[in-house]
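Undergrad: only geometry, no sequence info:
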């Protein structure tokens, strides 16, 4: 389950990879914004992006209830985010900020099994002062 906010979909389109193991699955996309804010969506299977070796190798543990921030240089155009667990529920909030508390993108997500269904996305980060903030919204046990 995902809830996504994007301030400007033209400058920062949202792109995520959703694992769909074991049998047929359905992906539903719903615009809960106002009528004046339509969006275009595209869903396709197979031949999807995968995390780079650098992304896989640079993972760090974020305990339940904790947050971690990652500032990025102006030269960085896009950011890979990979979240996974050891089979426990994955409950997190990923924010792309530009400046103090200025959310450009926010992703709230939940999955019952973060090993079976990890979260991977690529965030576009034009401009300067970009920071990714990841909050583990699960209890301390997770």
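TA: Great, that's in hand. Predicted model, so just to flag it, every value in this text is computed and none were measured. Numbers count the residues shown, from 1 in each chain.
Undergrad: Figure out the helix or strand that the residue nearest to the spatial centre of the chain lives in.
TA: Against the mean C-alpha coordinate of the chain, by Cα atoms, centre = their mean, the closest residue is residue 121 at 4.9 Å. Using DSSP states H and E, the element containing residue 121 is strand 119-124.
Undergrad: For the closest residue to residue 18 other than its chain neighbours, give me its contacts.
TA: Of all residues beyond its chain neighbours, the one nearest residue 18 is residue 27 (6.5 Å), with distances taken as Cβ to Cβ, 6 or more residues apart in numbering. Glycine gets a C-beta too; all of them are placed from N, C-alpha and C. For residue 27, the contact set (Cβ atoms under 8 Å, 6 or more residues apart in numbering) comprises 18, 20, 43.
Undergrad: State the distance from the first one to residue 59.
TA: Translated: residue 18. In this structure, residue 18 and residue 59 are separated by 19 Å, where distance is defined by Cβ to Cβ, to the nearest Å.
Undergrad: Comparing the two, which shows the higher neighbour count?
TA: Neighbour count, other Cβ atoms under 10 Å: between residue 18 and residue 59, residue 18 has more, with 17 against 11.
Undergrad: Is the more buried one bridged to anything, and to what?
TA: On the basis of DSSP bridges, residue 18 takes part in beta bridges with residue 119.
Undergrad: pLDDT wise, what is it at?
TA: The predicted local confidence for residue 18 comes out at a pLDDT of 86.
Undergrad: Is it in contact with residue 121, as I believe?
TA: No. Checked against Cβ atoms under 8 Å, the pair residue 18 and residue 121 is beyond contact range at 9.6 Å.
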